[in-house]
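A.B. asks: Whatever this is, show me its structure:
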Amino acid sequence: MTRPDLTLDADALIKLEKGDRLIWTLISVGVRRQRRRITVPAAALAQAWQGRGHPNLVRALGACDLEPMTPELAKQAGTLCGLAGTSDVVDAAVMASAASRGDAVLTSGHDDLARLAEVVPTVRVIGI
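C.D. replies: Below is the predicted model:
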């Protein structure tokens with residue numbers, strides 16, 4: 001069975017910026033050895049991009065595909081919020097993004113995505 005590609009949420013991006021070794025290893029192995037595609041939804045990047053100076057995040061983004069927040073993705077995220085009874089459109093956009101490609105989501109905020117995962121059972125949420 002082929003491993004799914006990965007979508008990163010804001011929590012994963014924040015850990016990258018902080019230099020967390022586990023997530024850096026997962027990204028490195030995923031890209032170099034397993035040839036997995038790593039996607040970062042623009043909404044997650046906006047949430048993680050706090051303050052000034054993000055050298056680790058900038059470096060990590062070089063290995064990722066940045067997905068824009070299109071009107072279609074925004075509608076899907078809004079629909080997921082309604083179905084899951086949550087108001088976090090960024091997490092919903094991450095889940096909708098991953099669902100569109102069959103990706104797994106890499107996060108350190110597994111609880112944040114749990115309600116959304118119930119309505120998108122095709123997306124595996126991987127806690128780090």
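A.B. asks: which residues of this structure fall in strands?
C.D. replies: 6-8, 38-41, 65-67, 104-107, 125-127 (DSSP state E).
A.B. asks: The closest residue to residue 48 other than its chain neighbours: how many residues sit nearby?
C.D. replies: Spatial nearest neighbour of residue 48, excluding adjacent residues (C-beta to C-beta, 6 or more residues apart in numbering): residue 13 at 3.6 Å. Quick note: C-beta positions are derived from backbone N, CA and C, even for glycine. By other C-beta atoms under 10 Å, 26 other residues sit near residue 13.
A.B. asks: Residue 22 too?
C.D. replies: 10.
A.B. asks: doesn't residue 127 make contact with it?
C.D. replies: No. Contact between residue 22 and residue 127 fails when scored by C-beta atoms under 8 Å: they sit 10.8 Å apart.
A.B. asks: My guess is residue 69 contacts residue 41. True?
C.D. replies: Yes. Look at residue 69 against residue 41 with C-beta under 8 Å: they come within range, at 7.0 Å.
A.B. asks: and for the two, which residues touch both?
C.D. replies: The contact sets of residue 69 and residue 41 overlap at residue 93 (C-beta atoms under 8 Å, 6 or more residues apart in numbering).
A.B. asks: Looking at the two, which has the bigger crowd around it?
C.D. replies: residue 41 (28 against 18).
A.B. asks: what bridges to the more buried one?
C.D. replies: residue 67 (DSSP bridges).
A.B. asks: for it, what are its contacts?
C.D. replies: 7, 67, 69, 73, 90, 93, 94, 97.
A.B. asks: taking the residues you listed one by one, which sit in helices?
C.D. replies: 73, 90, 93, 94, 97 (DSSP state H).
A.B. asks: So for the third one, what's the pLDDT?
C.D. replies: The model reports residue 93 with a pLDDT of 97.
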